[in-house]
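Visitor: below are the sequence and a predicted model; questions follow.
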Amino acid sequence: MKIIQSNIANLPTKYGKFKIKAYKDGNQEHLAIMSEDFENIEIPFVRIHSECLTGDTLGSLKCDCQNQLDLALKFIAAQGGLVIYHRQEGRNIGLLNKVNAYALQDQGRDTIQANLELGFGEDDRDYTIVGHIFKDLNIKKLKLITNNPKKIAYVDSLGVEIVERIPAITKSNKYNENYLQTKKTHMGHML
């Protein structure tokens, strides 16, 4: 599939000033959010942040997504680097199915059970676009901000050297404790 890229634009935010570049892969559009000094950083800090409309935009307490995005943007603004906003809602099941998964979670299923009951895998994300972004931005070494072993394995599979892993640990609450425990126990997240 052909990937279409935007030009680079300035994006001043409450976190700091960034440069952004969009990538269109089929119907999904992803965003590279770079610190202003990104081009001069030999080994950038990088966060691959998976889209979560309910968390990132609405502030859902059922997950830790908004907290992780805030953490990453503050960190990148201060330390320099890149956040890839990976547009694959609900581990790539889409918003409609994510809401259905939430309804199943309201009935007692965990996040994985809900996805499986809806006919999806535990995690259906496809990280191919991340490899394209790394190549486009000439990233050969990085310091990866993640708790997710699948993201580590994918970056390793690209031949990109992970010099350091920085945990993305945020405060839990009574609404996301089960979600975080499921991510740790069943998905191997390093929480």
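Guide: That came through, no problem.
Visitor: correct me, but residue 151 touches residue 127?
Guide: Yes - Residue 151 is within contact range of residue 127, at 7.2 Å (criterion: Cβ atoms under 8 Å). Every residue, glycine included, has its C-beta placed from N, CA and C.
Visitor: for those two, indicate the residue with more neighbours.
Guide: For residue 151 and residue 127, the more surrounded residue by other Cβ atoms under 10 Å is residue 151, and the numbers stand at 23 against 20.
Visitor: if I look at that one, how far off is residue 7?
Guide: 27 Å (Cβ to Cβ, to the nearest Å).
Visitor: with residue 55 instead?
Guide: Going from residue 55 to residue 7 by Cβ to Cβ gives 29 Å.
Visitor: which of those two has more neighbours?
Guide: A count of neighbours by other Cβ under 10 Å puts residue 55 above the other of residue 55 and residue 7, at 20 against 7.
Visitor: pick out the residue nearest the middle of the protein.
Guide: Centroid-nearest residue in the chain, with Cα atoms, centre = their mean: residue 49, separated by 1.5 Å.
Visitor: which neighbours in the sheet does the strand or helix carrying it have, and how are they oriented?
Guide: Element membership of residue 49 [criterion: DSSP states H and E] is strand 45-50. Strand pairing for strand 45-50, determined by DSSP bridges: strand 81-86 (parallel), strand 141-145 (parallel).
Visitor: now do the shortest one: distance to the chain's middle.
Guide: Same thing as strand 141-145. Its chain's C-alpha centre and that of strand 141-145 lie 13 Å apart, by Cα atoms, centre = their mean, to the nearest Å.
Visitor: just say which of the strands paired with strand 45-50 is most tucked in.
Guide: Each of those was scored by mean neighbour count; the highest is strand 81-86, a mean of 24, by mean count of other Cβ atoms under 10 Å.
Visitor: after the strand holding residue 49 comes which helix or strand?
Guide: Counting by DSSP H and E, what follows strand 45-50 is helix 65-79.
Visitor: chain center to that following helix: distance?
Guide: Offset of helix 65-79 from its chain centre (Cα atoms, centre = their mean): 11 Å.
Visitor: reduced to three states, what does residue 115 come out as?
Guide: Here residue 115 is recorded as helix under DSSP: H, G, I helix; E, B strand; the rest coil.
Visitor: quick one: average confidence on the strand holding residue 49?
Guide: For strand 45-50, mean pLDDT is 95.
Visitor: repeat for stretch 144-151
Guide: The pLDDT scores in stretch 144-151 average 90.
Visitor: many thanks, I have nothing further to ask.
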